[in-house]
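Q: Sequence isn't available, so here's the structure alone:
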């Protein structure tokens, strides 16, 4: 009989048994889906994936599948594949489609080969609780994405950039180069001169690089970093003043450098990436060096007062420069005086603790210190 209807005898016996148990309805085709799936994501893992997504987004942090997998591993759990995490999030409606988002494969990526090879810098605007506008100045290592400094100001000026840069140099040494946009606090190249920051870089042996006007992609890492920073700040109460905002920025810097895996770094932290490779050096590395900055105005005799070791000294710049506002940059053995308006080098002075008057080393032969300019 089984042969007549084109089925095996074994299958016929199975159908007869099902008919006796449930009648004609039991003969309907049944699903071949297995009763269990050994590769199915365990329910506790699936639940934790959803919880991490919600927690990370609430705190203004990256909450993609790669980051969630990293956090699962940090908690001692075995993470499923990134595609599985993505399917779980899609199934819960936790991923919003972004059809207009540019694919990563379309970007041309450039990265410094070593830490301190290039530092990117830029400032971005933010608002305090009362609506007042402030600026956040950042220094970011191009190779490791290590956030060297993040500080709040109202506003960021040329003097701010100088002081901030020197503070970073004292801690990390001078970089081989910097990469910034063409804001006047970084460069005066379009006005035919050189500003104080440009002179400072030259004096430290640091190569300056500037992006093309209207092309922020050149500084893409720090532009993208600003999105991460602002997403984190938006998840917290607005700061009442600069001091409170700076406390928030300090907390963010610690989290960003030490506890946040970076997808562009193979899911390691910027701190780990910064320490993993030997550092690049400027032609005059400033690691451990101390630089003192003083802003002043040259008096009518052509001199600037400078206090060192509890004693007042006088820097003879020259009467022709009387009235100019200047930056005096003191290193271990010399003081350099730069005009703030133009970035012009006005004088250099050898530090001599035993003398009260330090002559201009730039003066031509035959010039006498007692001539006072």
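A: Structure received. Everything numeric here is computed off the predicted structure, so don't read it as measured data.

Q: State the distance from residue 6 to residue 27.
A: Separation of residue 6 from residue 27 (CB to CB, to the nearest Å) stands at 16 Å. From N, CA and C alone the C-beta is placed, and that goes for glycine too.

Q: cool, and residue 61?
A: According to CB to CB, residue 61 stands 56 Å off from residue 27.

Q: what do you get for residue 153?
A: For residue 153, the distance to residue 27 - CB to CB - is 80 Å.

Q: neighbour count winner among these two?
A: More crowded of residue 153 and residue 27, by other CB atoms under 10 Å: residue 153, with 18 against 12.

Q: which phi and psi does the more buried one have?
A: The phi/psi pair for residue 153 (degrees, to the nearest 10) reads phi -140, psi 160.

Q: OK, contacts around it?
A: Counting by CB atoms under 8 Å, 6 or more residues apart in numbering, residue 153 makes contact with 123, 134-137, 160, 242.

Q: and with 6 Å instead?
A: By CB atoms under 6 Å, 6 or more residues apart in numbering, the residues touching residue 153 are 135, 137, 160.

Q: Now those in JSON lines, please, with extra columns for neighbour count and pLDDT.
A: Compiled in JSON lines, the contacts of residue 153 are given as follows (neighbours: other CB atoms under 10 Å; pLDDT from 0 to 100):
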{"residue": "135", "neighbour count": "16", "pLDDT": "97"}
{"residue": "137", "neighbour count": "20", "pLDDT": "97"}
{"residue": "160", "neighbour count": "17", "pLDDT": "90"}
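
Q: I'd like to know which of these are part of helices.
A: Among these, the ones falling in helices (DSSP state H) are residue 160.

Q: Nearest to residue 202 among the contacts of residue 153?
A: residue 160 (19.6 Å; CB to CB).

Q: can I assume residue 223 sits in a helix?
A: Yes - looking at residue 223 with DSSP: H, G, I helix; E, B strand; the rest coil, it is inside a helix.

Q: so how far is stretch 312-320 off the chain centroid?
A: Distance of stretch 312-320 from its chain centroid, counting by CA atoms, centre = their mean, to the nearest Å, is 40 Å.

Q: how about the strands in the stretch 201-350 of the chain?
A: Remark: strands assigned in the stretch 201-350 of the chain by DSSP state E, counting those that start in this stretch are 207-210, 292-297, 303-308, 311-316, 325-330, 334-339, 345-350.

Q: What helix or strand is residue 184 located in?
A: Residue 184 belongs to no helix or strand when assigned by DSSP states H and E.

Q: Roughly how far does it sit from residue 157?
A: According to CB to CB, residue 184 and residue 157 sit 9 Å apart.

Q: Surely residue 340 touches residue 325?
A: Yes - applying CB atoms under 6 Å as the test, residue 340 and residue 325 come out as touching, 4.9 Å apart.

Q: When these two are compared, which one has more neighbours?
A: Neighbour count, other CB under 10 Å: between residue 340 and residue 325, residue 340 has more, with 18 against 11.

Q: Distance check, the more buried one against residue 308.
A: 21 Å.

Q: repeat for residue 211
A: Applying CB to CB, the value for residue 211 to residue 308 is 39 Å.
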